[in-house]
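*Asks:* Provide a 3D model corresponding to the input given below.
(one chain, ligands or ions: 1)
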Amino acid sequence: MNLDLIDRTFLVTAASRGLGFSVAKSLADEGAEVIICGRNEESLKKATSELGELAQYYVADLSKQEDVKRLLKNIGSQILRLDGLFVNAGGPPPGTFSNLSDDDWKKAIDLTLMSAVWLTRETIPFLKMSDSPSILYSTSISVKQPINNLLLSNAIRPAVIGMMRTLATELAPEYIRVNAVCPGYIHTERVEELMSASESAVESINARIPLGRMGKPEEFGPVCAFLLSPVSSYIHGALLLVDGGLYQGMM
Ligand code: NAD
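*Replies:* Take a look at the predicted model:
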């Protein structure tokens, strides 16, 4: 299938590694120009060199509004049009209700919800210049069922879905498509770090997944590239689980 990505430009956030990088790689492999961002210049440089000559990077902490504004200002000094935005950031810290402070909540809201708000707002003028604009929000299976010890993710990520579903109506007159992906367990560096302490944790997670294993980043990126591409032109306001069957609810 030709995803029609040549001469198209995408902003993929938090993409020096992990899920973001897998999406940037899939888009770049299809011939798209990719702009990535993250907090650490060294990791971004390394990631950009792996993405090829059409890739570039900017340093930005997505939990800071001024950084998101500066990011899009810098991009705007080079290009007028973006064809797609992949909204992704680091995960909020684990914790239960009794051990999370107001400060933890506020930081997580900025990182997980407000980064999506700011990125969407600052990117819309560039997307309006495209003939096939699209935004894809990366959330988590936690929007469908809560995950133990991840209260902040369980509580805040559904707000991103609420925004996406609302934007599906509000941005339709601009022909900007919006969708969301909800990964279950994808074996990124982060998951590797979290699991490295315990072999049994990997086994017990795998046992709960009907396909019997975690997903690979290269099983996530292409799905997102498809949803960002003009080929998915009639998919709008949708939520797609990429979880090996882990979520077993009916809806
Ligand atoms: P990762 O740690 O491998 O990669 C995260 C990336 O985000 C890194 O490039 C990091 O530098 C960047 N980043 C973190 N905080 C940032 C910030 N404030 N500003 C800019 N960049 C920032 O993690 P991952 O596994 O790729 O996960 C990405 C997101 O998806 C996280 O929010 C995670 O909670 C969520 N998620 C992951 C999975 C999974 O199975 N991997 C499942 C559900 C949800």
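
*Asks:* contacts and neighbour counts: CA atoms only from here.
*Replies:* OK.

*Asks:* Let me know how buried the closest residue in space to residue 189 that isn't next to it in sequence is, in neighbour terms.
*Replies:* Nearest in space to residue 189, with sequence neighbours left out and distances taken as CA to CA, 6 or more residues apart in numbering, is residue 18 at 6.0 Å. Residues lying near residue 18 (other CA atoms under 10 Å) number 20.

*Asks:* surely residue 18 meets residue 218?
*Replies:* No: when contacts are counted by CA atoms under 8 Å, residue 18 is not listed as touching residue 218 (10.0 Å).

*Asks:* how much space between the residue nearest to residue 189 and residue 79?
*Replies:* 26 Å (CA to CA, to the nearest Å).

*Asks:* ok, which residues in the stretch 151-251 of the chain are in contact with the ligand?
*Replies:* 183, 184, 185, 186, 187, 188, 189, 190, 191 (CA under 6 Å from any ligand atom).

*Asks:* so can I have TSV of those residues showing distance to residue 200, secondary structure and neighbour count?
*Replies:* TSV is the format used below for these (distance: CA to CA, whole Å; DSSP: H, G, I helix; E, B strand; the rest coil; neighbours: other CA atoms under 10 Å):
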residue	distance to residue 200	secondary structure	neighbour count
183	21	strand	20
184	18	coil	20
185	15	coil	21
186	17	strand	22
187	15	coil	18
188	18	coil	18
189	18	helix	13
190	17	helix	15
191	14	helix	14
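
*Asks:* pLDDT score assigned to residue 197?
*Replies:* Predicted confidence (pLDDT) at residue 197: the value is 69.

*Asks:* brain fart, residue 193
*Replies:* 83.

*Asks:* so it, which of the three states?
*Replies:* In three-state terms, and counting by DSSP: H, G, I helix; E, B strand; the rest coil, residue 193 is helix.

*Asks:* and it, how many neighbours does it have?
*Replies:* With other CA under 10 Å as criterion, residue 193 counts 11.

*Asks:* what's the single longest helix in this structure?
*Replies:* Longest helix in the chain by number of residues (criterion: DSSP state H): helix 151-170.

*Asks:* what's next to that helix, contact-wise?
*Replies:* Identification of contacts with helix 151-170 by CA atoms under 8 Å, 6 or more residues apart in numbering yields 91-97, 105, 108-109, 112-113, 116, 137, 139-140, 142-143, 145-147, 177-180, 236-238.

*Asks:* Name the residues that touch stretch 97-110?
*Replies:* 63, 64, 92, 93, 151, 152, 156.

*Asks:* ok, and the most crowded of these?
*Replies:* Busiest of the contacts of stretch 97-110 [other CA under 10 Å] is residue 152, holding 26 neighbours.

*Asks:* sorry, back to before: now, among the contacts of stretch 97-110, which is nearest to the ligand?
*Replies:* Nearest to the ligand among those, counting by CA to the nearest ligand atom, is residue 63 at 4.8 Å.

*Asks:* So the closest one lies in a helix, does it not?
*Replies:* No: counting by three-state DSSP, one finds residue 63 to be coil, located in no helix.

*Asks:* Surely it touches residue 111?
*Replies:* Yes: between residue 63 and residue 111 there is a contact under CA under 8 Å: 4.3 Å.

*Asks:* show me the contacts for residue 18.
*Replies:* With CA under 8 Å, 6+ apart, residue 18 has these contacts: 188, 189, 190, 217.
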